[in-house]
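K.L.:
Give the three-dimensional model of this entry:
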Amino acid sequence: CDISFYIPLSVNTPSQLKLNKFNNLIYKKYHNNIKTDHQLTLWNKPLGLTSMYNKSKLTKLELTNIGITPRQRSIIIGILLSDGWMQSRKGWNPRIAIKQSVKNFNYLWSIFEELASLCSIYPYPSKNLKRGKLFYSLTLQTRQLKSLLLIRSLLYTEVSKNLFERDIQFELFYYLDYISLAHWIKGDGAKHNNGIVLCTDSFTVKEVVFLMNILYIKFDIQPRKHMNNNYYPRLSISKKDMLKIRPLIRPYFINHFLYKIYL
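P.N.:
Next comes the predicted model:
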């Protein structure tokens, strides 16, 4: 959800100058430390901001040659199972986007540090007026990349020409790992009865049951399904199972979200 700054606000939105000032404050301590280098990165480790291309526009060949690492693939899958979404335009490859409240800036920036090699711009701010209050948020989006087609095939089906709907495929079983699970919990997880509830409200019952089976077989836990407000299916992980997986997902958590796994 979005966050509102705790100041009285009218229905009048601030000027673009104020929004630019907000943007500058957010990035002041971050972007000055980015340097260009050619150091090797250890296998399956974060690539960091230095992996970001300096060119905002790339040729078709350059875009085709941008691949994703197994670590990035796992992160993206976890994001798409929670707060992220995939955009597919006619004649273009897909891209990933995720929007977060400014209070979750540290989380969004940690994702950007992981996916910088896939992005052309920094996360950008936006504002929304809801019930007379102004809310600020930040959106991260990748380039439109051919290397994201595999992930799209795991989570989406083309129902008509250039129109895709989410439809989790069996092959997701082979790609969902502890990194994905950590990002899934960070995005959509909440503390519940000394365990965790995954807010899978936008999933069908069939998809939730399939995800339950993946969690049971791959991670040796026994999640339960319950209906939120008698309509939306959700997954709950017991305290016992949470304690079992916590040491394995802890390395992929930032301090901001440790409370979700009772740390």
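K.L.:
packing partners for the host helix or strand of L235?
P.N.:
With the criterion set as DSSP states H and E, the secondary-structure element containing L235 is strand 232-237. The criterion is 3 or more CB pairs under 8 Å, 6 or more residues apart in numbering; DSSP states H and E, and the helices and strands that strand 232-237 contacts are strand 195-198, helix 205-219, strand 224-228. C-beta here means a position set from N, CA and C on the backbone, and glycine is covered the same way.
K.L.:
what residues go with each domain of this structure?
P.N.:
Partitioning the chain according to automatic domain parsing yields domains covering residues 3-166, 176-255.
K.L.:
ok so, going back, what angle separates the helix or strand that the strand holding L235 is followed by from strand 224-228?
P.N.:
Secondary structure here is assigned by DSSP H and E; on that basis, the next helix or strand after strand 232-237 toward the C-terminus is helix 239-249. Between the direction of helix 239-249 and that of strand 224-228, the angle (axes from the mean of the first three to the mean of the last three CA atoms, to 10 degrees) works out to 100 degrees.
K.L.:
Pull out the buried residues from helix 239-249.
P.N.:
Of all the residues in helix 239-249, those buried under the rule 16 or more other CB atoms under 10 Å are 241-242, 245-246, 249.
K.L.:
Stretch 78-86 too?
P.N.:
Counting neighbours by 16+ other CB under 10 Å, one finds that the buried residues in stretch 78-86 are 78-84, 86.
K.L.:
pLDDT of the strand holding L235, averaged?
P.N.:
What strand 232-237 shows for mean pLDDT is 92.
K.L.:
ditto for stretch 120-132
P.N.:
What stretch 120-132 shows for mean pLDDT is 86.
K.L.:
Kindly check the end-to-end length of stretch 190-197 for me.
P.N.:
Using CA to CA, to the nearest Å, the gap from the first to the last residue of stretch 190-197 comes to 5 Å.
K.L.:
Figure out how far that stretch is from the centre of its chain.
P.N.:
On the basis of CA atoms, centre = their mean, to the nearest Å, stretch 190-197 sits 20 Å off its chain's mean C-alpha point.
K.L.:
just stretch 146-166 next, same as before
P.N.:
17 Å.
K.L.:
Pull out the buried residues from that stretch.
P.N.:
Under the neighbour-count rule (16+ other CB under 10 Å), stretch 146-166 has 147-148, 151-152, 154-156, 164 buried.
K.L.:
List just the one of the helices and strands packed on strand 232-237 that sits closest to C119.
P.N.:
strand 195-198 (26.9 Å; CB to CB).
K.L.:
Throw the domains of the chain into CSV and include distance to Y262, thanks.
P.N.:
Written out in CSV, the entries for the domains of the chain read as follows (distance: least, CB to CB, whole Å):
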stretch, distance to Y262
domain 3-166, 18
domain 176-255, 7
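K.L.:
Go through these and pick out the most buried.
P.N.:
Taking mean count of other CB atoms under 10 Å as the contact definition, the stretch among these with the greatest mean neighbour count is domain 176-255, which reaches a mean of 17.
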